[in-house]
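*Asks:* The following comprises the amino acid sequence and a computationally predicted model.
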Amino acid sequence: MPTSVSFDRLAHQPAYKVVSEKIRNAIVSGEIAAGDLLPTETDLAEQFGVTRSTVREAIRLLEHGGILGRAGRKRLVVTLPGMEAVGRSVSSAMLMHQVTYEELWQVAMGLEPLAGKLACLSATDEEKQLLADNLALTEQVMDDHDALLKVEIEFHNLVAEATHNNALLLARAPLNELFYPAWGAIIRALSPGERILVAHQHVYDAICAGDQDKAEEWMEKHMRDFRRGIEMGNLGFDQPVQG
């Protein structure tokens with residue numbers, strides 16, 4: 001007797017997705033490098049054996065992902081995805097998955113102390129000066145909630161950039177989109193300018209001294225302050241983040 005097992009029909013991806021994935025694989029593998037020009041839409045359509053409209057749809061996906069751009073309005077060029085584009089893309093997924101502030105804080109507790117530690121090893125004199133300038137500005141704007149939020153986020157970004165670690169920068173990109181803006185609610189509710197300045201000063205001093213343990217310790221203290229601020233302000237630490 002023949003088996004009673006039945007099989008589902010094979011699922012075929014739309015042609016534009018197949019084209020998009022093949023181009024993406026060539027870019028990610030390094031076969032096509034950042035800065036290289038792609039063939040024209042007509043040439044791509046001929047190579048893939050599809051219509052130009054199919055190629056356009058494939059290109060639209062890749063442009064949205066930030067790995068293709070336009071050179072001289074027409075020619076397609078391979079680009080490195082910017083941190084902002086990465087942050088927006090991952091942030092959208094986090095919003096849809098209803099990631100909570102606590103989950104983001106747990107990630108930040110891993111990344112920010114690490115950033116402080118790594119910056120001790122790699123921060124340049126120019127980057128240290130940028131941090132010093134940020135501290136001076138922080139002291140001036142402690143009573144201006146919006147300006148304080150701006151310099152607070154900038155400080156964390158400057159420390160992260162001083163690591164020269166692209167993996168860390170990409171991993172923390174969504175934090176800038178969703179997590180750090182939550183500082184605004186804390187700043188407005190608790191006016192923690194003095195505590196922010198003290199923590200930043202200690203992290204800066206540690207980076208200048210190359211003291212990894214101290215930088216890590218004070219960044220941890222700073223992040224724990226953030227959690228306490230959320231809890232004291234009754235701001236819904238266990239709630240999904242808001243876009």
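*Replies:* Arrived safely. All values reported here derive from a predicted model rather than from experimental measurement. Residues are numbered from 1 along each chain as shown.
*Asks:* Report pLDDT for residue 82.
*Replies:* Residue 82 carries a pLDDT value of 72.
*Asks:* Quickly note the distance from it to residue 173.
*Replies:* 9 Å (Cβ to Cβ, to the nearest Å). (Glycine included, C-beta is placed from N, CA and C.)
*Asks:* Those two: which has the busier surroundings?
*Replies:* More neighbours surround residue 173 than the other of residue 82 and residue 173, with 21 against 11 (other Cβ atoms under 10 Å).
*Asks:* now the helix or strand encompassing that one, how far from the chain's geometric center?
*Replies:* Element membership for residue 173, per DSSP states H and E: helix 166-174. Mean-position distance between helix 166-174 and its chain equals 5 Å (Cα atoms, centre = their mean, to the nearest Å).
*Asks:* Can you tell me which helix or strand of the chain has the lowest average pLDDT?
*Replies:* Sorting the helices and strands of the chain by mean pLDDT, DSSP states H and E puts helix 83-96 at the bottom, at a mean of 72.
*Asks:* That one - contacts with which helices or strands?
*Replies:* Using 3 or more Cβ pairs under 8 Å, 6 or more residues apart in numbering; DSSP states H and E, the elements in contact with helix 83-96 are helix 166-174.
*Asks:* Alpha carbons of the helix it packs on, in CSV - could you do that?
*Replies:* Extracted in CSV, the C-alpha atoms of helix 166-174 (Å, rounded to 0.1, in the frame of the first residue of the first chain):
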residue,chain,number,x,y,z
ASN,A,166,33.0,48.1,15.4
ALA,A,167,31.2,45.1,16.9
LEU,A,168,30.5,47.0,20.1
LEU,A,169,29.4,50.1,18.2
LEU,A,170,27.0,48.1,16.1
ALA,A,171,25.7,46.2,19.1
ARG,A,172,24.9,49.3,21.0
ALA,A,173,23.3,51.2,18.1
PRO,A,174,19.8,50.3,19.1
